[in-house]
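Undergrad: Test case, fold it:
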Amino acid sequence: MQPLVTISIPLYKCEDFLNACLESVRAQTYSNIEVTLINDQTPDNSVEIAENFIKNNDLKNWKIYHLEKNSGLSVVRNKGIDTAEGKYLFFLDSDDTITPDCISSLVEIAEKTGAEMTISQLECEQLETGEKSICIKIQSEKEVITGKDEILKDFANGDLVTYAVNKLFLVDFIRINKIYFIPGLFAQDELWTFHLILKLNKIAIHKGITYTYFLHQKSVIHNRDKRHFDNWGTIVSHFDAALKSENQEETSALIRTHMINYKTMTLIMNWKAKKKESEWIYSFNLYKKYPNLRFRDYFRSNYSFETKKKALKLELPTSIAIRLFKYMYYR
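TA: Okay, here's the model as predicted:
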């Protein structure tokens, strides 16, 4: 018998994209699916669109949950975790779509390998032009990664993707380990995935594309501002808390590596979003509050040459750092 899969979809200001999203779910070749739509008190017609879609297609196992107040995506995701009745949980954003074989492909691999998380490739499509690309690629060549240190190593080195969507999770694993999104933070897939990675014992990877992420003018990627930069600083503080509580030297080194890579990546994203020196300097100085490499770490084999170079740039005086970062990354 096919295991039940819960697909959780947020409802918030998604009326322009929702029908295509829901239709992609209805078109799944995998039949044992429940759908939970979480209404975050959306001010548009998204709920009405969802209700009509369910009614017109006579969808028995589709449910709409209404939050009492607008609470943000973290609370919406947590509601998806708590209300899921399936063995597996899959997050789908309401302005994206999945391929017809998405769930069947991931379930087949998850059942075969016993992985607690099964992931696959995601493609990005420019809504205005239709141009497609694998914009956030899974770099790992492995099909299965076993062991916490091996998983954390691939994560820290950027070989795994950090978004919460397009992944199949064992629901009981998430609940038992209490891996929830932190209310008040937004765009925190990176942090939730980090907390998840620290607990995972096995990941399976599907090499095919099963998800389309649509890039449009309303996308978060085009609308970052100071609150996002503050959010990134808060996420780094959680990495720091994990580092302080870790006793194993190898695991600590991997967490430090991830922090350095994350700081560098988000500084690049900061500049691309605004190209304002004052806001870049704000983030750079914010990151200086949190650990980098220690002096002795530069002489140890725990860290790659590339990580050491990034760490040195993060230690530079701010006036020099911004000139160097712009030259190295932003030309």
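Undergrad: How is this protein divided into domains?
TA: When the chain is parsed with automatic domain parsing, its domains come out as 5-221, 224-329.
Undergrad: Now do the contacts for Asn157.
TA: 257, 261, 304 (CB atoms under 8 Å, 6 or more residues apart in numbering). Every C-beta, even on glycine, is put in place using the N, C-alpha and C of the backbone.
Undergrad: Are any of the residues you listed buried, and if so which?
TA: 257, 261 (16 or more other CB atoms under 10 Å).
Undergrad: which stretches of the stretch 101-250 of the chain form strands?
TA: 117-126, 132-133, 144-146, 167-170, 202-215 (DSSP state E, counting those that start in this stretch).
Undergrad: With distance to Tyr180 and mean neighbour count as new columns, can these be given to me in CSV?
TA: Formatted as CSV, these follow (distance: least, CB to CB, whole Å; neighbours: other CB atoms under 10 Å):
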stretch, distance to Tyr180, mean neighbour count
strand 117-126, 15, 21
strand 132-133, 32, 12
strand 144-146, 23, 17
strand 167-170, 12, 24
strand 202-215, 20, 19
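Undergrad: Pick out the shakiest of those, pLDDT-wise.
TA: With a mean of 86, strand 132-133 has the lowest mean pLDDT of those.
Undergrad: That one packs against which elements?
TA: strand 117-126 (3 or more CB pairs under 8 Å, 6 or more residues apart in numbering; DSSP states H and E).
Undergrad: The strand it packs on pairs with which strands?
TA: In the sheet, strand 117-126 lines up against strand 132-133 (antiparallel), strand 167-170 (antiparallel), strand 202-215 (parallel) (DSSP bridges).
Undergrad: Could you export these as CSV, including distance to Phe239?
TA: As requested, the strands paired with strand 117-126 are exported to CSV (distance: least, CB to CB, whole Å):
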stretch, distance to Phe239
strand 132-133, 29
strand 167-170, 20
strand 202-215, 20
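Undergrad: tell me the phi and psi of Gly158?
TA: Gly158 adopts backbone torsions of phi 80, psi 20, taken as degrees, to the nearest 10.
Undergrad: Sorry, slip of the keys, the one I care about is Asp93.
TA: According to degrees, to the nearest 10, Asp93 has phi -80, psi 150.
Undergrad: wait, isn't it in contact with Leu11?
TA: No - assessed by CB atoms under 8 Å, Asp93 is found out of contact with Leu11, at 10.7 Å.
Undergrad: Compare the two (neighbour count), which wins?
TA: Leu11 (24 against 20; other CB atoms under 10 Å).
Undergrad: in stretch 80-91, what's buried?
TA: 80-81, 84, 86-91.
Undergrad: so of those residues, which ones are in helices?
TA: 80-81 (DSSP state H).
Undergrad: which one of the buried residues of stretch 80-91 is nearest Gln28?
TA: Nearest to Gln28, judged by CB to CB, of the buried residues of stretch 80-91 is Phe90 at 10.2 Å.
Undergrad: Relative to Asp93, how far out is the closest residue to that closest one other than its chain neighbours?
TA: In space, and not counting its chain neighbours, Phe90 is closest to Ile7: 4.9 Å by CB to CB, 6 or more residues apart in numbering. In this view, Ile7 and Asp93 are 11 Å apart by CB to CB, to the nearest Å.
Undergrad: ranges for the helices of the chain?
TA: 18-26, 46-56, 73-83, 102-113, 148-156, 171-176, 189-197, 226-244, 249-274, 277-287, 305-315, 318-329.
Undergrad: So which of the ones you listed is nearest Lys63?
TA: Here helix 73-83 is closest among the helices of the chain (CB to CB), at 7.8 Å.
Undergrad: contacting residues around the closest one?
TA: 6, 8, 10, 12, 36, 38, 40, 63, 65, 67, 89, 91, 164, 171, 174-175, 180-188, 192.
Undergrad: Could you identify the buried members of the residues you listed?
TA: 6, 8, 10, 12, 36, 38, 40, 65, 67, 89, 91, 164, 171, 174, 180-182, 185, 187-188, 192.
Undergrad: Report the buried residues of stretch 301-313.
TA: Buried positions in stretch 301-313, judged by neighbour count with 16+ other CB under 10 Å: 303, 307, 310-311, 313.
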